[in-house]
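> Structure, please.
(one chain, ligands or ions: 2)
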Amino acid sequence: MPKPVILDCDPGHDDAFAIWLAAGDPEIDLRAITTVGGNGTLTHTTYNARVVTGLAGIAGVPISPGADSPMVRLLSPAEGIHGANALGGPELPAPTVAADPRTAVELIRDTLDGAGEEVTIVATGPLTNIAMFVRTYPDRLSRIKEVVWMGGSTGRGNITPYAEFNCWTDPEAAAIVLGSGLPFTMIGLNVTHQVLITPEVVARIGAVGNRTAAFGVELLNYFNSTYETDQGMPEGPLHDPVAVALVARPGLVTTVRTRLDIELHGTETAGATSVDLLGKLRRPPNASVATGVDVEGFWRLLEDAIRALS
Ligand code: BDR
Ligand code: CA
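Ligands and ions are numbered 1, 2, ... in the order given. Model (predicted):
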């Protein structure tokens with residue numbers, strides 16, 4: 001049976017691919033999409049979620065906007081990577097899918113209440129919405145199977161020397177979700193930087209030949225150009241769909257149980273993830289952390305999912 005999933009995201013180029021993978025893969029039953037301010041303002045990320053679902057022919061999945069800013073910090077969108085509208089590159093068609101009138105927290109609540117089984121939350125942006133849900137509905141947490149999050153790193157960062165963007169944007173939210181006791185899996189830069197958008201990958205996605213693939217190629221080319229300028233990586237990493245892939249095919253991503261803590265106060269390291277792979281802190285493990293990915297298996301999965309869309 002396909003796994004019920006709520007996708008919380010901030011589209012965002014790689015978030016768009018996460019949506020497409022979640023909607024197009026037969027092992028996932030995408031029940032809801034919630035959006036958060038991150039790569040762009042909430043207005044942009046919600047609009048972009050509506051655009052990329054509509055053009056891919058994804059119907060019947062409610063999309064609700066959530067938090068427009070982090071819990072205690074100011075939002076600083078990733079314009080250098082994702083452009084001024086968070087989805088730079090292609091001309092955006094008018095969205096054919098309306099936003100749901102409920103807030104993200106309300107949509108998560110209703111989706112969990114109506115599911116009749118535990119639901120996995122895949123989060124590919126700052127964890128603000130999920131932290132708000134934890135704080136608002138602590139009585140509903142048993143209905144969440146696990147939180148699988150693209151964020152953090154076992155090594156260095158991408159927005160500061162030690163912090164990854166999603167964690168750095170709202171570290172307090174990450175700490176709240178991690179401290180909630182919910183089963184938590186982190187897929188960080190140490191793994192997503194293995195999933196690089198090579199010219200061969202772009203050609204393979206393009207060869208799928210449908211509308212989603214054509215739009216996707218424009219996104220990939222833009223993303224690679226900004227990654228080259230901003231990060232010195234002409235073949236950018238397609239972070240977010242790796243979190244979806246782990247849920248769809250757990251065997252594709254290797255994880256270890258370890259201690260994960262979020263740096264909230266460091267003068268140079270706020271938003272960094274402390275991953276105690278050697279167990280030096282002697283604290284109990286509290287998370288699964290990704291350490292490897294089957295890169296070819298991942299691209300095949302993504303290609304197949306895009307093929308299943310319009
Ligand atoms: C994360 O930050 C965003 O730019 C991407 O969408 C991804 O979720 C990578 O650090
Ligand atoms: Ca994202």
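> Every contact and neighbour count from this point should use C-alpha atoms.
Fine.
> Run through the residues of this protein sitting next to ligand 1.
Residues of the chain lying close to ligand 1 by C-alpha under 6 Å from any ligand atom are 12, 14-15, 39, 124-125, 164-166, 239-240.
> among those residues, which are in reach of ligand 2?
15, 124-125 (C-alpha under 5 Å from the ion).
> Top of these by number of neighbours, please.
Thr124 (31 neighbours; other C-alpha atoms under 10 Å).
> Now do the helices for the stretch 101-250 of the chain: every range, in order, please.
Assigned by DSSP state H, counting those that start in this stretch, the helices in the stretch 101-250 of the chain fall at 104-115, 128-136, 165-169, 171-179, 189-192, 199-208, 211-231, 241-248.
> for those, which one ends up most surrounded?
Of all the helices of the stretch 101-250 of the chain, helix 165-169 carries the top mean neighbour count, a mean of 28, counting by mean count of other C-alpha atoms under 10 Å.
> for ligand 2, what are the nearby residues on the stretch 101-250 of the chain?
124-125.
> where in the stretch 101-250 of the chain is pLDDT low?
Within the stretch 101-250 of the chain, no range satisfies pLDDT under 70.
> Asp14: what's it in contact with?
For Asp14, the contacting residues are 238-241, by C-alpha atoms under 8 Å, 6 or more residues apart in numbering.
> In which helix or strand does it reside?
Asp14 is located in helix 13-24, with elements delineated by DSSP states H and E.
> What is the subsequent helix or strand relative to that helix?
Immediately after helix 13-24, counting by DSSP H and E, sits strand 28-35.
> Okay, angle between the helix or strand following that next one and helix 13-24 too, please.
Per DSSP H and E, the first helix or strand lying C-terminal to strand 28-35 is helix 42-55. Using axes from the mean of the first three to the mean of the last three C-alpha atoms, to 10 degrees, the direction of helix 42-55 lies 40 degrees away from that of helix 13-24.
> Can you give the strand pairings for whichever helix or strand comes after helix 42-55, parallel or anti for each?
Toward the C-terminus, helix 42-55 is succeeded by strand 63-65 as the next helix or strand (DSSP H and E). Here strand 63-65 is paired, per DSSP bridges, with strand 28-35 (parallel).
> Output the strand it pairs with as PDB, nothing but the C-alphas.
The C-alpha coordinates for strand 28-35 follow below in PDB (Å, rounded to 0.1, in the frame of the first residue of the first chain):
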ATOM      1  CA  ILE A  28       3.600   7.400  -2.100                       C
ATOM      2  CA  ASP A  29       0.000   8.700  -1.500                       C
ATOM      3  CA  LEU A  30       0.400  12.400  -1.400                       C
ATOM      4  CA  ARG A  31      -2.400  13.700   0.800                       C
ATOM      5  CA  ALA A  32      -1.500  17.400   1.300                       C
ATOM      6  CA  ILE A  33       1.000  20.100   0.500                       C
ATOM      7  CA  THR A  34       1.800  22.800   2.900                       C
ATOM      8  CA  THR A  35       4.000  25.800   2.200                       C
END
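> Any idea how far that strand is from the middle of the chain?
Relative to its parent chain, strand 28-35 has a centroid offset of 12 Å by C-alpha atoms, centre = their mean, to the nearest Å.
> can you list contacts of it?
2-11, 22-23, 42, 45-46, 49, 61-67, 104, 107-108, 111, 247-248.
> quick one: it near ligand 2?
No. Legend: contact between strand 28-35 and ligand 2 by C-alpha under 5 Å from the ion is lacking; minimum distance shown is 10.0 Å.
> ok, the residue most central in space within the chain - contacts?
Nearest to the geometric centre of the chain sits Thr124, at 1.5 Å (C-alpha atoms, centre = their mean). Applying C-alpha under 8 Å, 6+ apart to Thr124 gives the contacts 7-10, 15, 18, 149-151, 166, 240, 243.
> again, but for Asn39
Asn39 touches 10-12, 45, 77-79, 82, 86, 125, counting by C-alpha under 8 Å, 6+ apart.
> By neighbour count, which of those wins?
For the contacts of Asn39, neighbours tallied by other C-alpha under 10 Å; top is Pro11, 35 neighbours.
> Dihedrals phi and psi, it?
Phi and psi for Pro11, reported as degrees, to the nearest 10, are phi -60, psi 130.
> residue contacts, the residue nearest to it when sequence neighbours are not counted?
Using C-alpha to C-alpha, 6 or more residues apart in numbering and skipping residues adjacent in sequence, the residue nearest Pro11 is Thr45, 5.0 Å away. Residues near Thr45 by C-alpha under 8 Å, 6+ apart: 9-12, 35-39, 86.
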